[in-house]
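**Q** sequence and predicted structure, then a few things I'm wondering about:
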Amino acid sequence: MIKTFSTLFPLWAIAVSVFAYFQPDLMSGFKSWIIPLLILIMFCMGVTLKIEDFKRVLKRPKIIAVTVLLQFLLMPFIAFGISTIFDFSTELLIGMILVGAVSGGTASNVIAYLAKADVALSITMTVVSTLLSIIVTPYLTLLYVGQTVPVPAFSMLLSILKIVFIPVVIGVIINHFFNKHIEKREDLFAFLSILSIVFIVGIVVGLNQSKIGTVAVTLFLGIILHNLLGLFGGFYISKLLGYSKKECKTVAIEVGMQNSGLAVALAMKYFTPLSALPGAIFSIWHNISGSILAGYWSKKD
């Protein structure tokens with residue numbers, strides 16, 4: 001049952017979004033839950049990691065470095081370009097930049113498995129970009145939107161440290177000492193992560209119900225472009241650099257799929273509910289596009 005729920009994540013996210021749109025008051029009241037839920041997601045990520053996942057960085061530093069550079073250079077640049085072309089408001093620009101400036105999402109590891117990519121490499125890439133995001137995300141946000149609105153970069157850094165680093169480290173430590181028990185319950189941790197993301201998406205939709213009608217079409221198009229350009233940019237740039245198809249698929253998935261939950265949490269804490277909307281929609285869309293692409297690649301191979 002848990003695996004079925006996890007597989008149908010995009011459908012659950014859409015269903016909860018529709019419910020939140022028609023019953024916004026029921027969901028918006030849980031606004032204060034967003035950061036605790038994200039902390040739970042990061043803990044669930046950490047508790048499924050082993051020390052060996054960190055050691056892999058030393059074995060394949062070049063492709064990990066390429067992926068991280070693409071993650072933090074390509075994605076925020078594309079987000080800024082799309083926001084400019086679509087003439088997004090300052091609030092939506094902030095949300096798009098936050099989505100582009102965060103690390104790779106944990107869902108990328110699942111999609112890498114379904115796409116017959118390199119799962120171990122995907123996990124390592126996610127870990128590295130997640131840890132780097134503590135410093136990189138606040139200052140990328142400052143770089144792209146600091147001229148428009150005040151960006152409390154150092155305060156954001158401290159928040160990411162609390163939301164991302166500490167839960168992941170605690171999770172890794174627990175896994176190290178209780179690995180036998182953790183391995184039997186990995187599906188449960190995936191289930192909790194997905195449930196949390198779905199709930200976060202619902203809260204953000206509820207908070208923005210009155211504004212969604214005015215921005216939904218162009219914002220959705222912008223998010224689709226952002227995700228697809230990240231996926232294809234990651235694949236073809238790594239291909240030009242001479243990496244194998246399996247490695248290129250892994251890079252593409254990692255670059256194109258973002259930790260949009262973190263983007264939502266930062267938007268809610270430091271900016272406005274509308275700035276959290278791009279992250280919420282991206283959470284739904286990148287799992288749909290990732291699943292479709294994974295299905296195509298797995299059948300083709």
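**A** Okay, I see it. Since the model is a prediction, treat every value here as computed from it, not as a measurement.
**Q** measure residue 115 to residue 289 for me?
**A** Distance, residue 115 to residue 289, by Cβ to Cβ, to the nearest Å: 12 Å. Backbone N, C-alpha and C define where each C-beta goes, glycine included.
**Q** where along the stretch 101-250 of the chain do the helices fall?
**A** In the stretch 101-250 of the chain, the helices defined using DSSP state H, counting those that start in this stretch lie at 107-114, 119-145, 153-160, 166-177, 179-183, 186-207, 209-240, 245-256.
**Q** picking that back up, which of residue 115 and residue 289 has more neighbours?
**A** With neighbours defined as other Cβ atoms under 10 Å, residue 115 and residue 289 compare such that residue 115 has more, 26 against 20.
**Q** list the contacts for the residue lying closest to that one once chain neighbours are set aside?
**A** Distances taken as Cβ to Cβ, 6 or more residues apart in numbering place residue 294 nearest to residue 115, at 3.8 Å, with adjacent residues excluded. The contact partners of residue 294, taken as Cβ atoms under 8 Å, 6 or more residues apart in numbering, are 111, 114-115, 253.
**Q** of all those residues, which two lie farthest apart?
**A** Pairwise distances across those (Cβ to Cβ) peak at 9.5 Å, for the pair 114 and 253.
**Q** give me the more crowded residue out of those two.
**A** Taking other Cβ under 10 Å, residue 114 and residue 253 do not tie; residue 253 has more neighbours (35 against 17).
**Q** re the thing from before, relative to residue 208, how far out is the residue nearest to residue 115?
**A** In terms of Cβ to Cβ, residue 294 sits 30 Å off from residue 208.
**Q** kindly report the same for residue 120.
**A** Distance from residue 120 to residue 208, by Cβ to Cβ: 38 Å.
**Q** which stretches of the stretch 101-250 of the chain have low pLDDT?
**A** Residues of the stretch 101-250 of the chain meeting the criterion pLDDT under 70: none.
**Q** check the residue nearest to the spatial centre of the chain and give its pLDDT.
**A** Closest to where the C-alpha atoms of the chain average out (Cα atoms, centre = their mean) is residue 259, at 1.7 Å. You'll see residue 259 listed with a pLDDT of 89.
**Q** residue 6 too?
**A** 55.
**Q** same question for residue 3.
**A** With respect to pLDDT, residue 3 has a value of 56.
**Q** nearest residue to residue 280 in space, please, no chain neighbours.
**A** In space, residue 280 is closest to residue 204, 3.8 Å off (Cβ to Cβ, 6+ apart).
**Q** hang on, that neighbour packs against residue 264?
**A** Yes - in this structure, residue 204 is within contact of residue 264 by Cβ atoms under 8 Å, at 5.8 Å.
**Q** give me the common contacts of these two.
**A** Residues touching both residue 204 and residue 264 (Cβ under 8 Å, 6+ apart) are 34, 276, 279-280.
**Q** what about those, which are in helices?
**A** Under the assignment DSSP state H, the shared contacts of residue 204 and residue 264 contribute 34, 276, 279-280 to helices.
**Q** number of residues surrounding residue 11?
**A** Using other Cβ under 10 Å, residue 11 has 14 neighbouring residues.
**Q** quick check: mean pLDDT across the helix or strand hosting it?
**A** Assigned by DSSP states H and E, residue 11 falls within helix 9-22. On average, the pLDDT along helix 9-22 is 83.
**Q** buried residues, the helix or strand following that helix. List them.
**A** Following helix 9-22 in sequence order, the next helix or strand is helix 24-28 (DSSP H and E). Taking 16 or more other Cβ atoms under 10 Å as the basis for neighbour counts, the residues of helix 24-28 that come out buried are 24, 27-28.
**Q** and helix 24-28, C-alpha only, in PDB?
**A** The C-alpha trace of helix 24-28 is given here as PDB (Å, rounded to 0.1, in the frame of the first residue of the first chain):
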ATOM      1  CA  PRO A  24      -8.600  27.200   1.200                       C
ATOM      2  CA  ASP A  25      -9.500  28.000   4.900                       C
ATOM      3  CA  LEU A  26      -9.100  24.300   5.900                       C
ATOM      4  CA  MET A  27      -5.500  24.200   4.500                       C
ATOM      5  CA  SER A  28      -4.200  27.700   5.100                       C
END
